[in-house]
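Undergrad: Take this sequence and fold it.
(one chain, ligands or ions: 1)
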Amino acid sequence: MTSTQATPYKSHAFDPDDSGEFLPARALGSLALGALLFVSGPARAEDSYRWLQATADGWQARAITQSDACPAAELDGRAVPMTPRARPGEHFAITVCAATIPKGTRSLTIAGAPLPAPPARVDKVLVLGDTGCRLNGIFLQDCNSSDAWPFRKIAETAARLAPDLVIHVGDYHYRETPCLPGMSGCAGSPHGDNWETWKADFFAPGDALLRAAPWALVRGNHEICRRAGQGWTRALSPLPLGETPLCVDREQAYRVDIADPTLFILDTTEAEERTVVGAQLPFLRSQLAIAKDAPGPVWYAFHKPIFSLFRSRIGETLGINETLAAAAHNGIPTAVQAILSGHLHAFEALSFRDDRPAQFVIGVGGTTMDPHIPANFDGATIGEATVERGRGVATTFGFATFERGDGEWLVTDYDAEAKPRLRCHMRGRQLDCE
Ligand SMILES: [Fe+2]
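TA: Numbers count the residues shown, from 1 in each chain. Below is the predicted model of the structure:
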């Protein structure tokens, strides 16, 4: 199941999520004018997080603790030990614990605190992505401001909506380089692939939502081995770990243990946008075909969309991932109804004139937004695809929900306060947007 081969990562010459090319002009946060703010101090003894997540081996409760001992889980009143998945190591003075939770479990507690049980039925799916606070060279987001970086607010709002399942479409960790001297907006922030940064960027602000619903977690291109791969591998990867937490370049697709829709999580983090990279095609083709024998409707969740749409500064229409499009050519099973992605920092909903799955982009969870997203791009051509319905919501942080209706799914893009911004009805692969 686990590929450990070294993958020759091409540098992403063109990547809306990486380059800063599409960031708003105000790349630098506000200058220091007063006292420094600290949102994340040194590790506290009581750091403790817990959640339920889908893995390649079914549902697992996971916990992070700063003691060597794992907390106790209780399933329907029966004590079940959690065992260490990753022990403390360099830059990660935490133990990550895990316990398998059989489907059908009705109640679950970790150290006496309740967690949601595996969902018996999924009628409301909440999707968010691209949630971390960008610190990359001179591109510095105001991590200390809940308006400039609202992931905590989004997680708390989303938790109140009580979804049956949360899907994070990838890119959790954005604090790669230090905040610069004199920048009050990000002063005091940790950076790098270590526990303090993972805590500040994801676990602490996401805690309310981690406790509120079961999660399925997509790997983003920020979580590749040479970026934040250690934290991903220890805490969030769906794969089992050996004695040492070894990051793997390509994680095999797996099915989330829910009945309808049939949901697969894929790792498309390496897929090169600008050119077709032949060496990546066999793996990506095998992943995109994973649902060939699965009952429909199938949803795929993976980080980089095949087709999205944004405009360059000189007005070109862009948004195809060339390698994924080549891998997907005649290769996506007809049972696949929808693809859920992030990567582009906007909300988009696309259906196509040719017979393709609907594509959603939900990269609005907190990191700096991408500009130049049209509100309506019906009829646009993106590579070999022609858009039937194309809708975008730019510069509005938030999340989306997919709610089961009568023969359809109602898809709503919300802002951080749960005000709806756009609503689409998905029937089969087609979208109808209000
Ligand atoms: Fe990304």
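Undergrad: mind checking the end-to-end distance for stretch 218-238?
TA: Start-to-end span of stretch 218-238 (C-alpha to C-alpha, to the nearest Å) is 9 Å.
Undergrad: Measure how far that stretch is from the centre of its chain, please.
TA: On the basis of C-alpha atoms, centre = their mean, to the nearest Å, stretch 218-238 sits 11 Å off its chain's mean C-alpha point.
Undergrad: For that stretch, buried residues please.
TA: Buried residues in stretch 218-238, counted by 16 or more other C-beta atoms under 10 Å: 218-225, 227-238. Placement of C-beta: from N, CA and C, glycine included.
Undergrad: Would you mind listing what in the stretch 101-250 of the chain touches the ion?
TA: 171, 220-221 (C-beta under 5 Å from the ion).
Undergrad: Would you reformat these as a markdown table and include secondary structure?
TA: Below are those laid out as a markdown table (DSSP: H, G, I helix; E, B strand; the rest coil):
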| residue | secondary structure |
| --- | --- |
| D171 | coil |
| G220 | coil |
| N221 | helix |
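Undergrad: so can I have CSV of those residues showing distance to A335?
TA: Formatted as CSV, these follow (distance: C-beta to C-beta, whole Å):
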residue, distance to A335
D171, 27
G220, 25
N221, 27
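Undergrad: Closest to L284 out of those?
TA: Of all those, N221 has the smallest distance to L284: 13.7 Å, by C-beta to C-beta.
Undergrad: Just give the nearest non-adjacent residue to that closest one, would you?
TA: Nearest residue to N221, sequence neighbours excluded (C-beta to C-beta, 6 or more residues apart in numbering): T269, at 4.6 Å.
Undergrad: ok, now which ones touch that neighbour?
TA: The contact partners of T269, by C-beta atoms under 8 Å, 6 or more residues apart in numbering, come to 170, 219-221, 223-224, 303-304.
Undergrad: try 6 Å
TA: 219, 221, 224, 303 (C-beta atoms under 6 Å, 6 or more residues apart in numbering).
Undergrad: number of nearby residues for the nearest residue to the first one once chain neighbours are set aside?
TA: Nearest residue to R219, sequence neighbours excluded (C-beta to C-beta, 6+ apart): D267, at 5.1 Å. Here the count is done by other C-beta atoms under 10 Å, and D267 has 27 residues near it.
Undergrad: again, but for E403
TA: For E403, using other C-beta under 10 Å, the count is 16.
Undergrad: cool, and L288?
TA: So L288, with other C-beta under 10 Å, has 25 neighbours.
Undergrad: Use 853 as the first number for this chain going forward.
TA: Sounds good: first residue 853 from here, last item L1140.
Undergrad: where's it relative to A1056, distance?
TA: L1140 sits 35 Å away from A1056, going by C-beta to C-beta, to the nearest Å.
Undergrad: Could you chop the protein up by domain?
TA: 900-964, 971-1285 (automatic domain parsing).
Undergrad: just to revisit the earlier point, my guess is the residue nearest to R1071 contacts D1101. True?
TA: No - if you go by C-beta atoms under 6 Å, D1119 and D1101 don't touch, sitting 8.9 Å apart.
Undergrad: what about the helices in the stretch 1053-1202 of the chain?
TA: Assigned by DSSP state H, counting those that start in this stretch, the stretch 1053-1202 of the chain shows helices spanning 1056-1064, 1081-1083, 1133-1140, 1174-1180.
Undergrad: give me the number of residues near the closest residue to I1158 other than its chain neighbours?
TA: Among residues not flanking I1158 along the chain, L1176 sits closest, at 4.6 Å (C-beta to C-beta, 6+ apart). Using other C-beta under 10 Å, the number of residues around L1176 comes to 26.
Undergrad: and what of G1130?
TA: As a measure of burial, G1130 has 9 neighbours, counting by other C-beta under 10 Å.
Undergrad: Tell me the pLDDT of it.
TA: Predicted confidence (pLDDT) for G1130: 98.
Undergrad: Can you give me every residue that contacts it?
TA: Here G1130 is in contact with no residue (C-beta under 6 Å, 6+ apart).
Undergrad: For I1214, see how far away it is.
TA: According to C-beta to C-beta, G1130 and I1214 sit 30 Å apart.
Undergrad: Repeat that for D920.
TA: Look at D920 and I1214: by C-beta to C-beta, they are 38 Å apart.
Undergrad: Kindly report the same for T1127.
TA: From T1127 to I1214 the distance is 26 Å (C-beta to C-beta).
Undergrad: cool, D1222 as well?
TA: From D1222 to I1214 the distance is 13 Å (C-beta to C-beta).
Undergrad: number of nearby residues for W903?
TA: W903 has 26 nearby residues by other C-beta under 10 Å.
Undergrad: Which residue is the nearest non-sequential neighbour of it?
TA: For W903, the spatially nearest residue (C-beta to C-beta, 6+ apart) is L1062, at 4.0 Å.
Undergrad: hang on, the earlier thing: most tightly surrounded among the domains of the chain?
TA: Ranked by mean neighbour count, those are led by domain 971-1285 with a mean of 21 (mean count of other C-beta atoms under 10 Å).
Undergrad: and that domain, how far out from the chain's middle?
TA: Using C-alpha atoms, centre = their mean, the offset of domain 971-1285 from its chain centre is 5 Å.
Undergrad: give me the low-pLDDT residue ranges for the chain?
TA: Under the criterion pLDDT under 70, the flagged ranges of the chain are 853-898.
Undergrad: Could you give the residue of the stretch 1053-1202 of the chain that lies closest to the ion?
TA: H1195 (3.9 Å; C-beta to the ion).
Undergrad: Hmm, that residue is touching F1154, no?
TA: No - H1195 lies out of contact with F1154 (C-beta under 6 Å); the separation is 9.3 Å.
Undergrad: quick one: common contacting residues for those two?
TA: Common contacts of H1195 and F1154 (C-beta under 6 Å, 6+ apart): none found.
Undergrad: At the contact with the ion, which residues of the stretch 1103-1252 of the chain appear?
TA: Contact residues (C-beta under 5 Å from the ion) of the stretch 1103-1252 of the chain with the ion: H1195.
Undergrad: Do a quick rundown of the strands in the stretch 1103-1252 of the chain.
TA: Secondary structure of the stretch 1103-1252 of the chain (DSSP state E, counting those that start in this stretch): strands located at 1106-1108, 1114-1117, 1150-1153, 1159-1163, 1169-1172, 1188-1193, 1199-1204, 1210-1214, 1233-1234, 1237-1245, 1250-1256.
Undergrad: Identify all contacting residues around the shortest one.
TA: To tie it back to what came earlier, the one meant is strand 1233-1234. 1159, 1161, 1171-1172.
Undergrad: Apply 8 Å and report the result again.
TA: Contacts for strand 1233-1234 (C-beta under 8 Å, 6+ apart): 1159-1161, 1169, 1171-1172, 1239.
Undergrad: Out of those, the closest to F1199 would be?
TA: Using C-beta to C-beta, the contacts of strand 1233-1234 come closest to F1199 at S1160, 10.5 Å.
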